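Peer 1: Let me see the structure of the following:
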Amino acid sequence: MKIYTRGSKIWVTLYQDGKRIRKPTGLTDTKANRKQVERELFPILENTDFSEKQTVGYYFVKMIKAKTLKDRSIEVYQDRYNKHISKYENYLIEDIDVKFAREWVASINVGASTLRGIVSVFRQIMSEAIYDCVVSDNPFNNVRLPKIEKYEPELFSNEEANILINNAKGWFKNFLGFSLLTGMRIGEVCALKWSDLQDGFISITKSKYNNIVGTTKTGKDRQIPIFNNLLPYIESQKAISGGSDFIFPKAHGAQHLRRRWLVVCKKSNLQGRILYNTRHTFATKALRSGKFNVFQVSKLLGHSSTQMLFQKYAKDIKSEKAEYDLNFSTF
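Peer 2: I've put the predicted structure just below:
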């Protein structure tokens, strides 16, 4: 195993199974860095098996295995990989440079938030290769990504909510009733079972994505009360659920519901709205009602802390103007 210089950086050359292998260190060529490479990197390289073909596909699998991910997160990673990265899975990882990264990013025609999620997967693939000393730099750190514009939820007025409900049919009508009257995430409503409704409360312990049931977004369980206005939708759904354990057996996840939702929006003349705004509507109206404090609403929504509530709904949180005793003193 030998050290050599390429440009101003230290590289290492070694032989394995008669094949010469060159590896970058990312370190500037100095006497101290050379000693560091010999002391720390040489033992790692000696115990690394380079017989595997170092491809994008290989490192995607390795990256997934190295992470502790929920089933839903793995599904999201796999979906992004299949749609946008898998065509390059046989590319050698060392061939993924800044030019490739910039051209690949420019070719993806999606929103800023979605694009950042897709690029994050490729960036993590490259990070795993860096950990194995296959490459020294991550080309995706040198790619400009569009800024995410702050999203302002378009809430449904009472009139609009009623129009949506009236234009929906069958189980989807009841689904909208659940969504608007509980503030649950879409995947959480999809995953509900009849056994989750007990003693006047709904137990939220899971979520469904692409028909796969996993944990909730935060991984925490919670309970929300069954509000009186929800009761008619529960009774209606009992009559049409077909004896399934699931309350909405035909709801497989947000993506699956998109086509049905768009039809209802078009019929209601509310194009451009998203189904998730049912949750925002619940949160905003709960805060404006004055019937719940901030901590109660945060708990109903399943936020890990009240910070999320203040970030999204600060303008809707009314100050609690209590009577204060002006004679109070700390000393």
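Peer 1: any idea how this protein splits into domains?
Peer 2: The chain breaks down into these domains under automatic domain parsing: 2-46, 56-142, 158-274.
Peer 1: For the helix or strand that contains residue 115, which residues meet the burial criterion?
Peer 2: In the assignment (DSSP states H and E), residue 115 maps to helix 112-131. The neighbour-count check on helix 112-131 (16 or more other Cβ atoms under 10 Å) flags 115-119, 121-130 as buried. Yep, even glycine has a C-beta here, placed from its N, CA and C like the rest.
Peer 1: Can you tell me what sits against it?
Peer 2: 54, 56, 59-60, 62-63, 66, 76-77, 80-81, 83-85, 93, 96, 101, 104-105, 108, 110, 135-141, 143, 145-149 (Cβ atoms under 8 Å, 6 or more residues apart in numbering).
Peer 1: quick one: low-confidence ranges for this structure?
Peer 2: Low-confidence segments of the chain (pLDDT under 70): 49-53, 70-72, 150-151, 311, 313-331.
Peer 1: Where do the strands of it begin and end?
Peer 2: For the chain, the strands defined by DSSP state E cover 2-6, 9-16, 19-28, 197-198, 201-204, 207-209, 212-214, 222-225.
Peer 1: Quick check: end-to-end length of stretch 217-237?
Peer 2: 25 Å (Cα to Cα, to the nearest Å).
Peer 1: That stretch: how far from the chain's middle?
Peer 2: Centroid separation for stretch 217-237 versus its chain: 23 Å, with Cα atoms, centre = their mean, to the nearest Å.
Peer 1: ok, now stretch 290-308?
Peer 2: 21 Å.
Peer 1: in that stretch, what's buried?
Peer 2: Buried residues in stretch 290-308 (16+ other Cβ under 10 Å): 297-303.
Peer 1: Could you do stretch 149-168 as well?
Peer 2: In stretch 149-168, counting by 16+ other Cβ under 10 Å, buried: 153, 155-156, 160-161, 163-165, 167-168.
Peer 1: Repeat that for stretch 101-115.
Peer 2: So stretch 101-115, judged by 16+ other Cβ under 10 Å, has buried residues 101, 104-105, 115.
Peer 1: Stretch 56-75 too?
Peer 2: Applying 16+ other Cβ under 10 Å to stretch 56-75 flags 56-60, 62-64, 72-73, 75 as buried.
Peer 1: which one of the strands of the chain has the most crowded surroundings?
Peer 2: strand 207-209 (a mean of 24; mean count of other Cβ atoms under 10 Å).
Peer 1: neighbouring contacts of it?
Peer 2: 72, 75-76, 185, 187-188, 190-191, 213-217, 251-254.
Peer 1: Try it again at 10 Å.
Peer 2: With Cβ atoms under 10 Å, 6 or more residues apart in numbering as the test, strand 207-209 has contacts from 70-73, 75-76, 79, 184-192, 213-218, 246, 248, 251-256, 302.
Peer 1: How much space separates the residue positioned nearest the centre of the chain from residue 92?
Peer 2: In the chain, the centroid-proximal residue (Cα atoms, centre = their mean) is residue 73; its distance is 6.8 Å. Here residue 73 is placed at a distance of 27 Å from residue 92 (Cβ to Cβ, to the nearest Å).
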